[in-house]
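# build me a structure from this.
(one chain, ligands or ions: 1)
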Amino acid sequence: MKFTIRLVGAIWLSVLIVIGGFAFLQIREERERLVDDLKRRAVLVGEGLKEAIEPQVARGSTVGVERILKKFGRPTRGIAVYDRFAGLMVATPDVAKLLPPSLPEVTDAVANNAVSQGFRVVGGRLAYVYAAPLTQDERPVGALAVFLDAEHLQAAEWDLWWRNALRFLALALVISLIALGLVRSSVTAPMAKMSEWTKALRAGRYVPPPEVPDTNVFGPLAREVAGLARSMQRARAAAEHEAALRLAGESIWTEERLKQFVSLRLSGRLLVVVSNREPVSHVRKGGRIQTLTPASGLVTAMDPMMRACGGVWVAHGSGDADRETADARGRLAVPEDDPRYTLRRVWLTAAEERGYYYGFANEGLWPLCHIVHTRPVFRPDDWASYLEANRKFAETVLDEIRNAEEPLVLIQDYHFAPLPALIKAERPDARVALFWHIPWPNFEAFAICPWQQELLAGMLGADLVGFHTQYYCNNFLETVDRTLETRIDWEHFTVTRGERVTAVKPFPISVAPEFVDDPPQRTREELRRQLGISAEFLGVGVERLDYTKGLPERLRAIQWFFERYPEYRERLVFVQLGAPSRTSIKRYAELALEVEATVREVNQRLGTKGWRPIVYLSGHHEHREIWSYYRHADFCMVTSLHDGMNLVAKEFVSVRDDEDGVLILSRFAGASHELRDALIINPYDLAGTAEAIRTALEMSKDERRARMTRMRHVVSEHNIYRWAGLLLSELSRIPVETPGVKAS
Ligand code: F6P
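Predicted structure coming up:
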């Protein structure tokens, strides 16, 4: 209310000042015009009479003057003639009785022999007095005075003031009404909606932010409140979860527990994570900057851990708007709406990225470690770029840990085999772990890499090397044993090379119990409608377009299924989400074409007028969008030909809080060791995979529930917080090396 009064008051005052100012100027001009008019008329009359009257006055002929005046007198124009002593001689009848004995203008005219004029009240009315001297031989012999009625001047002035007052009232009223309407629609109503919304959030109900007309005004506020609400919700959910776990006597790792662990065990030591892929990238789209979560299992896993632990995440800034969204050192707070950790971006040239990432890492090491019949390519130039990029990352990490005592550095993946040794050489006090997210092949397979010794030596710079499974640890230890001069302790799984000891342990990576904080409210029906699907069953696959994921094999298995079980035609649609990946590598470009062609072929061969067996959605999909597919599918297919872990399988399980849905999972994905209640398949066996689809569709609700419940138990217990907790605990237990002093 106060605001409205202030606003209306301000409007009225402004209108008053503007209209008042203009009215003042207008009235002044009008007055000047009217006065000029009076003057002109008075001069005309005065000059006209002067010549005729002058001789009469000089002669002292009152009668002669009277005769002349009779002719010229008018009701609004009085004329008087004075003698040389300024005494009244004759006047027209209308002014004769009103004139005072002496008039200053007349006295002046006679005394100065010059015209004198001005306003004067004569007989209670305003009059304009024009007095001109009457002369003989240039000497004053009297004066002639013309009296023009000037009452209309005041009337005109009042009229103008009045009109302007009305104008002011109308204008102030209209502007006030418009302003009040605007305030109501653009401020009061949105504020009311926002306050309803915040009330709902405070009460623990997640309601999406209201539609507000001006996102520039309310957008930032809505974002802040949404962030605050999410934090509150998370804290509340975490507290409830903790309490429930305490009651049930369970010791499941939660975000809260990891936070406590970090603050107690690491007591303020800096945690630095290094990966090639960044947790958020900024890209320009349609003239605007968009924030993207890359399609990466590594990011899905590490981001919740970093949110819990805080610290610095060093990664390649790969988005085309990344530089604009970071500070001069390439740093920014993440997540933007509720900062929990710092992202430090490393800038690589296009040539470095080509050699290090596309070349050595993804055309060399990736196929080398996956062994899926794509031949690794090793180019000396790529190797040089790989080393160069590792040096760049090392410099950045060293810069970040410069002032930190005994920092913990968690290096992620096959992009950084040389990095542990580079960091340790400069900072022996740092505890360095390297986690390898992809499989480690057997010794013979790895031996084809021309730089195998250098890679292993770099990795053994770490205090701890982690893999998803014990099998990969064993392969690694055997590779080291047969490649480098080392001592392997097969009982404790350590490698000693010179003075350095490296522990080699399995840490099966996982996801956070919540795939997204605020799942969309989209129902299965809405999802089907959006996809234009009327079939009763829905299958889903979510992948980066990578040849290790067994996509063509999966599509052929689906075709096989429909051919073998035609009764399911038009009753099942399989939706494949495919995120383009590493597209500048020929093999990936070929795969993308192959997938598209296979989808087309299967759809053409089997599809009917109103049914496509496969809906292929190629492109980037954010987690909230993927959530709906996971949540509403009858089954999810993971058909990797070889995969270190595969987090899609775990994401699917984590989302199924309805305890329904069937997971079809490749036996060659690390996840198959943990998710034993999935339908385990060999992706090369099309008939077997097709059979699994039929089993999934025909499985009883009870069995689906039982299997999903058990898998959810595994995923919720072996979650990413546990992974991080165990890894950090192992790493922080490793004694510090002080230069010159042997570690105890
Ligand atoms: O498997 C290794 C890995 O880093 C995964 O964690 C992730 O899903 C994938 O590769 C991402 O690849 P890129 O970062 O090259 O897109």
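
# could you list every helix and strand that the host helix or strand of Ile5 packs against?
Taking DSSP states H and E as the definition, one finds Ile5 inside helix 2-59. Contacts defined by 3 or more Cβ pairs under 8 Å, 6 or more residues apart in numbering; DSSP states H and E place helix 2-59 against helix 62-72, strand 77-83, strand 125-136, strand 139-149, helix 151-183. The way it works is simple: take the backbone N, C-alpha and C, and place the C-beta from them, glycine included.

# quick one: which of these is nearest Arg631?
Smallest distance to Arg631 across the helices and strands packed on helix 2-59 (Cβ to Cβ): 42.4 Å, for helix 151-183.

# next, the angle from the closest one to strand 125-136.
Angle between the axes of helix 151-183 and strand 125-136 is 140 degrees (criterion: axes from the mean of the first three to the mean of the last three Cα atoms, to 10 degrees).

# so what secondary structure elements neighbour the helix or strand just after helix 151-183?
As assigned by DSSP H and E, the chain's next helix or strand after helix 151-183 is helix 189-202. Packing partners of helix 189-202 (3+ Cβ pairs under 8 Å, 6+ apart): helix 215-247.

# check which helices and strands the helix it packs on sits against.
On a contact count with 3+ Cβ pairs under 8 Å, 6+ apart, helix 215-247 meets helix 189-202, helix 255-265.

# so can I have JSON lines of these showing mean neighbour count and mean pLDDT?
JSON lines is the format used below for the helices and strands packed on helix 215-247 (neighbours: other Cβ atoms under 10 Å; pLDDT from 0 to 100):
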{"stretch": "helix 189-202", "mean neighbour count": "15", "mean pLDDT": "82"}
{"stretch": "helix 255-265", "mean neighbour count": "17", "mean pLDDT": "88"}
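
# could you dump those helices to TSV with distance to the ligand?
TSV is the format used below for the helices and strands packed on helix 215-247 (distance: least, Cβ to the nearest ligand atom, whole Å):
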stretch	distance to the ligand
helix 189-202	33
helix 255-265	20
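
# looking at the ones you listed, which is closest to His282?
helix 255-265 (25.8 Å).

# and the contacts of the closest one?
For helix 255-265, the external contacting residues (Cβ atoms under 8 Å, 6 or more residues apart in numbering) are 234, 238-239, 241-242, 271, 304-305, 307-310, 512, 721, 724-725, 728-729, 732.

# looking at the helix holding Ile5 now, give me its mean pLDDT.
The average pLDDT within helix 2-59 is 88.

# now do that helix against strand 139-149, angle only.
Going by the same axes, to 10 degrees, helix 2-59 makes 140 degrees with strand 139-149.

# contact residues of this structure facing the ligand?
With Cβ under 6 Å from any ligand atom as the criterion, the chain meets the ligand at residues Asn276, Arg277, Ser296, Gly297, Leu298, Asp413, His437, Ile438, Ser581, Arg582, Gly644.

# the fifth one contacts Ile411, doesn't it?
No - using Cβ atoms under 8 Å, Leu298 is not in contact with Ile411; the gap is 11.7 Å.

# compare neighbour counts for these two and give me the winner.
Legend: neighbour count by other Cβ atoms under 10 Å for Leu298 and Ile411, higher for Ile411 (27 against 20).

# is it true that the more buried one touches Ala433?
Yes - Ile411 is within contact range of Ala433, at 6.8 Å (criterion: Cβ under 8 Å).

# before we move on, back to that, how about JSON lines for the helices and strands packed on helix 2-59, with distance to Glu691 added?
Compiled in JSON lines, the helices and strands packed on helix 2-59 are given as follows (distance: least, Cβ to Cβ, whole Å):
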{"stretch": "helix 62-72", "distance to Glu691": "128"}
{"stretch": "strand 77-83", "distance to Glu691": "121"}
{"stretch": "strand 125-136", "distance to Glu691": "114"}
{"stretch": "strand 139-149", "distance to Glu691": "116"}
{"stretch": "helix 151-183", "distance to Glu691": "66"}
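
# for Asp660, which non-adjacent residue is spatially closest?
Spatial nearest neighbour of Asp660, excluding adjacent residues (Cβ to Cβ, 6 or more residues apart in numbering): Arg704 at 5.5 Å.

# where does the one you found land on pLDDT?
In this model, Arg704 carries a pLDDT of 98.

# name the residues that touch the strand or helix carrying it?
Applying DSSP H and E as the criterion places Arg704 in helix 701-717. Residues from elsewhere that reach helix 701-717, judged by Cβ under 8 Å, 6+ apart: 252, 510-511, 513, 650, 653-654, 656-657, 659-663, 674-675, 677-678, 699.

# next structured bit after it?
Helix 701-717 is succeeded, C-terminally, by helix 720-733 (DSSP H and E).

# please parse the protein into its domains.
34-149, 157-248, 255-262+271-506, 524-718 (automatic domain parsing).

# dump those to JSON lines, plus distance to Leu16.
Shown next, in JSON lines, are the domains of the chain (distance: least, Cβ to Cβ, whole Å):
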{"stretch": "domain 34-149", "distance to Leu16": "26"}
{"stretch": "domain 157-248", "distance to Leu16": "6"}
{"stretch": "domain 255-262+271-506", "distance to Leu16": "44"}
{"stretch": "domain 524-718", "distance to Leu16": "54"}
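
# which of those domains comes out lowest on mean pLDDT?
Taking the mean pLDDT of the domains of the chain, domain 157-248 comes last: a mean of 79.

# let me see the ranges of the helices in the stretch 451-600 of the chain.
452-459, 470-483, 524-531, 551-564, 586-606 (DSSP state H, counting those that start in this stretch).

# what sits against Trp366?
Per Cβ under 8 Å, 6+ apart, neighbours of Trp366: Pro376, Tyr414, Ile438, Thr548.

# before we move on, what about Thr396?
By Cβ under 8 Å, 6+ apart, the contact set of Thr396 is Val314, Arg344, Val346.

# quick revisit: tell me what angle the helix holding Arg704 forms with helix 720-733.
Using the same axes, to 10 degrees: helix 701-717 against helix 720-733 is 30 degrees.

# point me to the residue of the stretch 1-150 of the chain nearest the ligand.
Phe3 (51.9 Å; Cβ to the nearest ligand atom).

# so how far is Leu531 from the nearest residue to that residue once chain neighbours are set aside?
Closest residue to Phe3 apart from its sequence neighbours, by Cβ to Cβ, 6+ apart: Val183 at 7.9 Å. To Leu531, Val183 is 43 Å away according to Cβ to Cβ, to the nearest Å.

# Arg391 now?
48 Å.

# with neighbour numbers in mind, choose between the two.
Leu531 (16 against 13).

# wait, what's in contact with the more buried one?
Per Cβ under 8 Å, 6+ apart, neighbours of Leu531: Val573, Val575, Val615.

# and the residue nearest to the last one when sequence neighbours are not counted, what does it touch?
Which is Val615. Distances taken as Cβ to Cβ, 6+ apart put Val575 closest to Val615, at 4.7 Å, once the chain neighbours are dropped. When the contact criterion is Cβ under 8 Å, 6+ apart, the partners of Val575 are Leu531, Ile533, Leu538, Gly539, Val540, Gly541, Ile614, Val615, Leu617, Tyr629, Ala633.

# buried residues in stretch 692-708, which are they?
Ala692, Ile693, Ala696, Leu697, Met699, Arg704, Arg705, Arg707, Met708 (16 or more other Cβ atoms under 10 Å).

# and the helix or strand containing the second one, C-alpha only, in CSV?
Following DSSP H and E, one finds Ile693 within helix 686-698. Taking C-alpha atoms only, helix 686-698 is exported to CSV below (Å, rounded to 0.1, in the frame of the first residue of the first chain):
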residue,chain,number,x,y,z
LEU,A,686,21.0,-61.8,-31.3
ALA,A,687,18.6,-64.6,-30.6
GLY,A,688,19.6,-64.7,-26.9
THR,A,689,19.1,-60.9,-26.6
ALA,A,690,15.7,-61.1,-28.4
GLU,A,691,14.7,-63.9,-26.0
ALA,A,692,15.6,-61.5,-23.1
ILE,A,693,13.3,-58.9,-24.5
ARG,A,694,10.4,-61.5,-24.6
THR,A,695,11.3,-62.5,-21.0
ALA,A,696,11.2,-58.9,-19.9
LEU,A,697,7.8,-58.3,-21.5
GLU,A,698,6.3,-61.5,-20.1
